[in-house]
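J.: Give me a model of this one.
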Amino acid sequence: MAYNYLYGLTIQGIQSYIFATNKLKEIAGGSEIIEQMCTTWFNNFLTVNELSGIKQLNAAGNIRFLTDKDTVKKIFKEYQNFLLTKAPGVPYSQAVVEIDDGKEYEAIQMLDAKLRAQRNLPLYETDLGLTLRSKFRRSGDFAVTPKIDGGDKKYYDLVTKAKFDNRDATALTKKTNIEIDEKEIIYPKEFSEIAKDAKHSWLAVIHIDGNSMGLKIKSILDTAKHKFSELNNFSNAINDCTLNAYKIAVKKVFANEGKVTKNREGKDVLQLPMRPIILGGDDVTVIIRADLAIEFTKVYLKTFDEETSKNDLTKGMTAAAGIAFVKEKFPFHYSAELAEDLCVYAKNKSKRKFSCLHFYKVQDSIIEDYKEIIKRELTAADGTEFINGPYALKNINDTSNIDNLLLDIKKLKDEDSPKNVMREWTDAKFNQPQIEKILMERLKNKATKDYKNIIKNTDVYIDYHTLLAVNTKTETI
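T.: The predicted structure is shown next:
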């Protein structure tokens with residue numbers, strides 16, 4: 001059978017769809033829907049014969065299938081109707097191209113162009129709400145059949161209902177198959193189960209993305225003899241590196257941090273103060289207890305570098321991470337967008353040449369993009385910018401080092417450290433510039449020799465205050 005038709009599906013605005021709610025159960029359900037659309041649902045939609053021999057190129061939110069004419073017709077016509085019922089509200093586009101002999105590169109380019117064009121077409125709605133209906137208050141959309149939750153009737157719109165119905169799905173969470181101390185791990189369903197306590201209810205949204213993936217894919221398309229198989233091999237290799245890095249980071253960081261509880265069978269399981277939201281390809285998004293965010297990200301990036309260096313297809317690949325520290329009640333769609341902005345900032349500053357991370361603690365109810373935050377909250381009246389990141393895994397030129405930062409935080413946690421005067425000086429720099437020189441003199445006089453180097457670089461002060469505020473873990477440094 002000739003496989004000369006290439007099918008593609010791409011989900012747009014994954015973060016916006018998942019984080020359109022501030023309820024962790026629904027966020028978890030949304031992430032499970034995205035995962036199932038490109039894996040289990042798609043595989044179950046096709047028969048065994050239709051799946052056999054198909055070359056699959058998958059990343060988070062993407063499907064690429066090389067198949068025959070009859071199968072591609074079925075997918076294009078029927079899978080869309082399937083998704084309208086199972087995943088209402090998910091913005092996606094699909095397209096098909098026929099491959100002429102030996103023109104795989106041209107076919108892939110044409111498919112990507114078609115998928116981009118499809119973004120401008122409106123999504124179909126399965127519920128037009130033509131009769132007198134109640135509305136779901138949180139979204140303003142028409143309500144559907146009520147769900148019984150704790151004995152009360154609760155109405156949802158179609159999108160929220162789909163997320164709620166998939167809150168217990170395990171397509172995403174079982175990809176990792178992790179055990180710690182011979183206990184299966186599980187993830188929480190409420191933000192309060194992730195936050196440390198009510199007083200310090202800081203959470204972190206971490207977004208990690210591979211560097212220069214587009215250039216790597218272009219290199220394969222330009223040089224590989226068998227482009228589809230090479231792309232498939234590369235996609236699988238990157239996915240394995242991502243999953244391995246995630247597993248190792250979880251095991252190292254959460255070895256003593258989980259909460260032992262019972263599952264439905266009465267077996268001991270370990271509930272972790274974090275939850276993966278996106279995990280596939282080179283993309284990772286997690287919600288995690290704030291004090292563990294830097295350590296988790298550092299271990300992940302280090303392991304990702306090591307894992308990719310073992311495979312000739314992925315050798316030299318690196319990643320960048322953005323970490324947004326937020327309060328438990330803060331709107332999470334803003335948090336996810338900020339984490340993505342911080343990741344892009346880290347990529348640009350590092351020129352995508354090495355793995356690094358950048359972070360910011362939200363202190364205002366008004367959140368704009370990170371460029372505006374720099375102008376409004378990180379730049380003093382005299383033009384001084386309090387930006388020291390991104391932070392690299394090791395010393396690279398003038399880039400700051402993650403471990404050096406954490407060593408400074410460890411020292412500043414001591415009772416006799418000058419952290420309070422450093423905070424007063426930083427505040428004065430923004431609000432009372434007339435006394436900042438006096439405070440700097442006081443700071444220099446107060447700092448003992450152990451802190452002389454720490455107080456020299458004032459650019460890093462706000463980062464110090466951030467990590468101290470969320471009580472960043474430094475025991476492993």
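J.: Listing request: residues of the protein with sub-threshold pLDDT.
T.: 1, 53-59, 122-153, 197-200, 365-366 (pLDDT under 70).
J.: how near is the residue sitting nearest the centre point of the chain to residue 216?
T.: In the chain, the centroid-proximal residue (CA atoms, centre = their mean) is residue 285; its distance is 1.8 Å. Distance check for residue 285 against residue 216: by CB to CB, to the nearest Å, it reads 21 Å. No exception for glycine: its C-beta is placed from N, CA and C like everyone else's.
J.: Regarding the residue nearest to the centre of the chain, what is its secondary structure?
T.: strand (DSSP: H, G, I helix; E, B strand; the rest coil).
J.: Bridge partners for it, pull those for me.
T.: Beta bridges link residue 285 to residue 207, residue 278 when assigned by DSSP bridges.
J.: How about the contacts made by it?
T.: The contact partners of residue 285, by CB atoms under 8 Å, 6 or more residues apart in numbering, come to 15, 205-208, 276-279, 336, 339.
J.: Reformat these as CSV; add distance to residue 270 and neighbour count.
T.: Below are the contacts of residue 285 laid out as CSV (distance: CB to CB, whole Å; neighbours: other CB atoms under 10 Å):
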residue, distance to residue 270, neighbour count
15, 28, 21
205, 22, 29
206, 20, 27
207, 25, 27
208, 23, 29
276, 15, 23
277, 19, 27
278, 22, 22
279, 18, 21
336, 26, 25
339, 26, 30
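J.: for those, which one is nearest residue 467?
T.: residue 206 (14.4 Å; CB to CB).
J.: What separation is there between that closest one and residue 357?
T.: Residue 206 is 8 Å from residue 357, by CB to CB.
J.: Residue 448 now?
T.: 30 Å.
J.: Does the spatially closest residue to residue 158 that is not a sequence neighbour lie in a helix or a strand, and which?
T.: Closest residue to residue 158 in three dimensions, ignoring its sequence neighbours and counting by CB to CB, 6 or more residues apart in numbering: residue 88, at 4.4 Å. Using DSSP states H and E, residue 88 sits in no helix or strand.
J.: Residue 88 contacts residue 159, correct?
T.: Yes: between residue 88 and residue 159 there is a contact at 5.5 Å, judged by CB atoms under 8 Å.
J.: Can you give me the neighbour number for residue 397?
T.: A total of 8 residues lie near residue 397 under the criterion other CB atoms under 10 Å.
J.: contact partners of stretch 160-176?
T.: For stretch 160-176, contacts defined as CB under 8 Å, 6+ apart pick out 21, 25-33, 35-36, 39-40, 86-89, 136, 138-139, 144-145, 147, 156, 186-187, 189, 243, 246-247, 250, 276, 279-280.
J.: hmm, I was thinking of stretch 94-102
T.: Stretch 94-102 is contacted from outside by 4-10, 66, 72, 76, 79-80, 106-107, 110-111, 114-115, 118, using CB under 8 Å, 6+ apart.
J.: which of the residues you listed count as buried?
T.: The neighbour-count test (16 or more other CB atoms under 10 Å) applied to these identifies 4-10, 66, 72, 79, 107, 110-111, 115, 118 as buried.
J.: wait, which of the residues you listed is closest to residue 229?
T.: When these are compared for distance to residue 229 (CB to CB), residue 66 wins out at 9.5 Å.
J.: ok, now how distant is that closest one from residue 110?
T.: Distance, residue 66 to residue 110, by CB to CB: 14 Å.
J.: Show me the beta-bridge partners of residue 262.
T.: Beta bridges link residue 262 to residue 268, judged by DSSP bridges.
J.: pretty sure it is in contact with residue 270, am I right?
T.: No: the pair residue 262 / residue 270 is not scored as a contact, 11.1 Å apart, by CB under 8 Å.
J.: Pick out whichever of these two has more residues nearby.
T.: A count of neighbours by other CB under 10 Å puts residue 270 above the other of residue 262 and residue 270, at 20 against 9.
J.: ok, the more buried one touching residue 187?
T.: No: counting by CB under 8 Å, residue 270 sits too far from residue 187 to count as a contact (10.2 Å).
J.: Which one's more surrounded, residue 448 and residue 357?
T.: Taking neighbours as other CB under 10 Å, residue 448 and residue 357 compare with residue 357 leading, 28 against 9.
J.: Of the contacts of stretch 160-176, just the buried ones, PyMOL syntax please.
T.: The buried residues among these can be selected in PyMOL (16+ other CB under 10 Å) with this line:
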select buried, resi 21+25+26+27+28+29+30+31+32+33+35+36+39+86+87+88+89+136+139+144+156+186+187+189+243+246+247+250+276+279+280
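J.: So which of the contacts of stretch 160-176 sit within helices?
T.: In this view, those that belong to helices under DSSP state H are 25-33, 35-36, 40, 86, 243, 246-247, 250.
J.: shared neighbours of residue 206 and residue 357, anything?
T.: 297, 321-323.
J.: Please pick the buried ones from those residues.
T.: By 16+ other CB under 10 Å, the shared contacts of residue 206 and residue 357 give 297, 321-323 as buried.
J.: Which members of the residues you listed are the farthest-apart pair?
T.: Greatest spacing in those, by CB to CB: 297 and 322 (9.2 Å).
J.: can you list residues touching both of the two?
T.: Common neighbours of residue 297 and residue 322 (CB under 8 Å, 6+ apart) are 206, 357.
J.: which one of the contacts of residue 285 is nearest residue 413?
T.: The closest of these, once distances to residue 413 are taken by CB to CB, is residue 206, at 22.5 Å.
J.: Quick check: that closest one vs residue 405, distance?
T.: Residue 206 is 16 Å from residue 405, where distance means CB to CB.
J.: before we move on, what about residue 438?
T.: Residue 438 sits at a distance of 28 Å from residue 405 (criterion: CB to CB).
J.: Neighbour count for these two, which is higher?
T.: Ranked by neighbour count (other CB under 10 Å), residue 438 and residue 405 place residue 405 first, with 23 against 12.
J.: for the strand or helix carrying the more buried one, which positions count as buried?
T.: Here residue 405 sits within helix 402-412, counting by DSSP H and E. Across helix 402-412, burial judged by 16+ other CB under 10 Å covers 402, 404-406, 408-409, 412.
J.: which of these lies closest to residue 444?
T.: Among the buried residues of helix 402-412, residue 412 lies closest to residue 444 (CB to CB), at 15.8 Å.
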